[in-house]
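Novice: sequence unavailable; structure follows:
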């Protein structure tokens, strides 16, 4: 079992060592404002990261998005993607999955705030060929804490030398994608 207090401390230490321009953390009022706009409660560990580490700017490769604000942010990206998914025959983005990081090329890491462990999902639109978007959703990690441990340990699929390793765990198709996209939840 992962000690969450220790994990947050190690993430904060790594974030500070990786970036001289790390933004400050957000206060409780900004978390509440973000949740109100999202219409969903942030996963508790994700909220702690923004409250105790920084307002984005840390994490794998392109780093976590800021929670709110101009330009690309967790709230802005979620509202854009959900807005385009409401009332359409083939929704692209499920309710409650907040994008936390852009991998580039329209790919995102998202935290499923409706799952107990905060599953980390990969949205990779390149397989899309019309119809349902379910083939574009992958389970990157069963939980946010495990995903962070992978980043801290340098063992994620996104690491530069990842494909040279024999023990690489690649994201697998998200088995809940079809039901979550069709239900709107």
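Specialist: Great, that's in hand. Quantities reported herein were computed from a predicted structural model and do not represent experimental measurements.
Novice: just the strands from this protein, written as ranges.
Specialist: 97-104, 107-112, 120-123, 137-141, 172-173 (DSSP state E).
Novice: in CSV, list those along with mean neighbour count.
Specialist: Any C-beta I mention is one placed from the backbone N, CA and C, and that applies to glycine too. Output for the strands of the chain, formatted as CSV (neighbours: other CB atoms under 10 Å):
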stretch, mean neighbour count
strand 97-104, 21
strand 107-112, 24
strand 120-123, 25
strand 137-141, 22
strand 172-173, 12
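Novice: so which of those is nearest residue 149?
Specialist: Between residue 149 and these, the tightest spacing by CB to CB is seen for strand 137-141, at 8.8 Å.
Novice: which one is the residue most central in space within the chain nearest to, not counting chain neighbours?
Specialist: Nearest to the mean C-alpha position of the chain, counting by CA atoms, centre = their mean, stands residue 110 at 2.7 Å. Spatial nearest neighbour of residue 110, excluding adjacent residues (CB to CB, 6 or more residues apart in numbering): residue 97 at 4.3 Å.
Novice: next one, pLDDT for that neighbour please.
Specialist: At residue 97, the model reports a pLDDT of 98.
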